[in-house]
Every structure is written in C-alpha cells, then in structure tokens.
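Asks: What follows is a predicted structure for the sequence shown.
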Amino acid sequence: MSYQLQLNNPLFPLFSCGRTYITYGYMCPQYGGNHWGADCIPFPGYVPATADVVAVADGEVIYTKTSVNATLDLSIKANWGSPDALGNNIKIKHSNGMITRYCHLAYGSLKVKIGDKVKQGQKIAKMGCTGLSSGAHVHFEVWGNSSSTSRIDPEPYLLGQKLLYSTKKTSYIYKVTTNTKLYSTPSPSSPSVSVSEGDYLPCDYSVTIQGRKWLHTLSGCYVLASACKRRLISPYVIQHSTDYLNVRATPSTSALSVGLISQGGEVVAVKGATKTAEGRKWQEIVYNNRLCWVCADYIK
C-alpha cells in the first residue's frame, strides 16, 4: 500500500501549484524498508505535462543529468542498478550545506545548469517519468551533506519543521513592539498564537527566508523580527532545586506571586540581571513572556 500525505500548504512546496502530495514516503516496504526520499506529485488527477517542479529553497545548482530520454523497465532486475535509474535529475546545494535532489524529470525540460543560483519557488524543470519509474512523479531527496549516505527524511523540510537555510545564532531576549503572532514555522500561513506588545521572547537563532527575517524562540516558535526589538542581554537556562519556586513581579518576598515553577524546572534567566533586596539575591527571568524575578538562592 502506498503512503499518502497531502500537503496543501507546505512551507517549501515542490511544485509551482503550491501543493505536494506524497505517494511513497521515506520508509516504505515496497523499497525494502528505506526509500531514501519521497515520491511526490502535485495532486491526484494532475496533468504531467503541466507540472512545473520548483526549487524548494534558495541555493546553487551543483549537478544535472539531462540525457535520459526513456522509462526503464521495472521488471528487468539489471535496470535497478543502472546509472540512469533516477532519470534526469538536479541537485541544489543550500546555504546551510544541505542538498536537495529532484529526480525522474522530463527529458528536455531542465531550465537550469551547474553553477546557476536559484531562488525558492523558481521553476527548474517539468515532472516526468524518466529512468526507473512506474509513472510521472518526482522522487525528492534531502541530503545532510555531499554524500548520498547522508540522505534523510524530506517530509519535515517540505513542511518547514526543519530548514534548508543557514541560521545565525542570536542568544538574546527580544521585546515585542507591536501586537503580533508566534508561528509554528517561519511562514505567516502556519498555525499561530497571539503575543502582545510589551511581551519578552528569548530567542536562540534567526533565519531569513524570501526576504523576511524570523526569530526562533526558545519555546520552538517563530516571530517576525520586524515586530521585535533586541535587548542587549542574553538568556541562559538554569534549573532550581527547591520543591517549587515562586515567580515574583518584583524582587521581594512580599511582591505578587505570578506563578510557580516545580522542582527541576528550567528557568530562562536574563544574564547579568541580578539584584540584592531584603538580604537576598534575586535573578530576573522571562516567565510567560514577561520579565519577572525569582530568589537566586534556589537556582543553579
């Protein structure tokens, strides 16, 4: 049985129509357990001649094969080891060193050559049935590096759960300057929750995709950098050893308790932001997107 998953709005679509339908996934029994990629079509009932394949992310073309003009017979065992088995195909290297490969492309349809710089969404070829293929589709692969042994499941990359772009470390706390949203992936069309002006978000890296700069929060979400202002202090994660830890609005035991953190819980502390009050040392932290305080005697 084929593995079917319809991606109606993938962050990194494989086809110009914006949709991707996976018919065979990375792991499937038809290929002895490991398929080394995903077989994809634009949608059921597609017309192969009109299916434009696009680059899923910015990068540079590092390999093309253009000479395969036929479909190989699947019933002939020798064909499975043929150098033409993947048909006409393209490899693109991305800014983080990863590689994507697009296989079984239509003969004479490739629009790029080695050395070309491509942008996300740029048309690179037509879907085809060249090589060892039972029907028109794209066999899509993601490589962790330049070796074919580094091939990994491409599905999280199509969904935007993992990225094909280089990231820049940014261990800072950012203040939200306008009401905005936290997104599950770096895309304004992905599921989101609201955050308010004045909230604080600890972030660990930034990434720029299609001209938009995104910040990745320690909670695993993304926010547009244009909606935030960086505080020149970096967060670090610590643990506390008491049964529970009161989170206070100000550095005082008489201040309003705004929450409790259970034993062993992690605290996102503001590096260098400490204060002595009432004979105790207090540490500023980020709690529920707000700046608060905990007694530093109980953290390590």
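Replies: Everything's here; your move. Since the model is a prediction, treat every value here as computed from it, not as a measurement. Numbering: from 1, shown residues only.
Asks: residues touching the spatially closest residue to residue 123 that is not a sequence neighbour, list them.
Replies: Take residue 123 and drop its neighbours on the chain: the residue closest to it by C-beta to C-beta, 6 or more residues apart in numbering is residue 52, 4.7 Å away. C-betas here are computed from N, CA, C, even on glycine. Residues in contact with residue 52 (C-beta atoms under 8 Å, 6 or more residues apart in numbering) are 15, 16, 17, 123, 125, 126, 127.
Asks: These in helices, which ones?
Replies: Assignment to helices by DSSP state H places none of the contacts of residue 52 there.
Asks: Could you list the low-pLDDT ranges of the chain?
Replies: In the predicted model of the chain, residues 1-9, 25-34, 232, 240-242 satisfy pLDDT under 70.
Asks: okay, now the domains of it?
Replies: Following automatic domain parsing, the chain resolves into domains at 5-159, 168-232, 236-298.
Asks: about what we covered before: who does the residue nearest to residue 123 form a beta bridge with?
Replies: On the basis of DSSP bridges, residue 52 is bridged to residue 126.
Asks: Relative to residue 59, how far out is it?
Replies: Residue 52 sits 17 Å away from residue 59, going by C-beta to C-beta, to the nearest Å.
Asks: May I see the ChimeraX selection of the buried members of the contacts of residue 52?
Replies: Entered in ChimeraX, the line below selects the buried ones among the contacts of residue 52, by 16 or more other C-beta atoms under 10 Å:
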select :15,125,126,127
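Asks: Let me know the closest of the contacts of residue 52 to residue 101.
Replies: Ranked by distance to residue 101 (C-beta to C-beta), those are led by residue 125 at 12.0 Å.
Asks: What's the local residue count around the residue lying closest to the closest one once chain neighbours are set aside?
Replies: The spatially closest residue to residue 125, leaving aside those adjacent along the chain, is residue 105, at 4.2 Å (C-beta to C-beta, 6+ apart). For residue 105, the neighbour count with other C-beta atoms under 10 Å is 28.
Asks: thinking residue 105 is in contact with residue 89, fair?
Replies: Yes - counting by C-beta atoms under 8 Å, residue 105 does reach residue 89; the two are 6.1 Å apart.
Asks: Show the contacting residues for the residue nearest to residue 125.
Replies: By C-beta under 8 Å, 6+ apart, residue 105 lies in contact with 53, 87, 88, 89, 90, 125, 126, 127, 128, 130, 138.
Asks: how much space between it and residue 138?
Replies: For residue 105, the distance to residue 138 - C-beta to C-beta - is 7 Å.
Asks: Need the overlap of contacts for these two.
Replies: Residues touching both residue 105 and residue 138 by C-beta under 8 Å, 6+ apart: 53, 127.
Asks: tell me the strands in the stretch 151-300 of the chain, going along the chain?
Replies: Taking DSSP state E, counting those that start in this stretch, the strands of the stretch 151-300 of the chain run over residues 151-152, 168-176, 180-183, 192-195, 200-209, 212-217, 222-224, 228-231, 235-239, 244-248, 257-262, 266-277, 280-287, 290-295.
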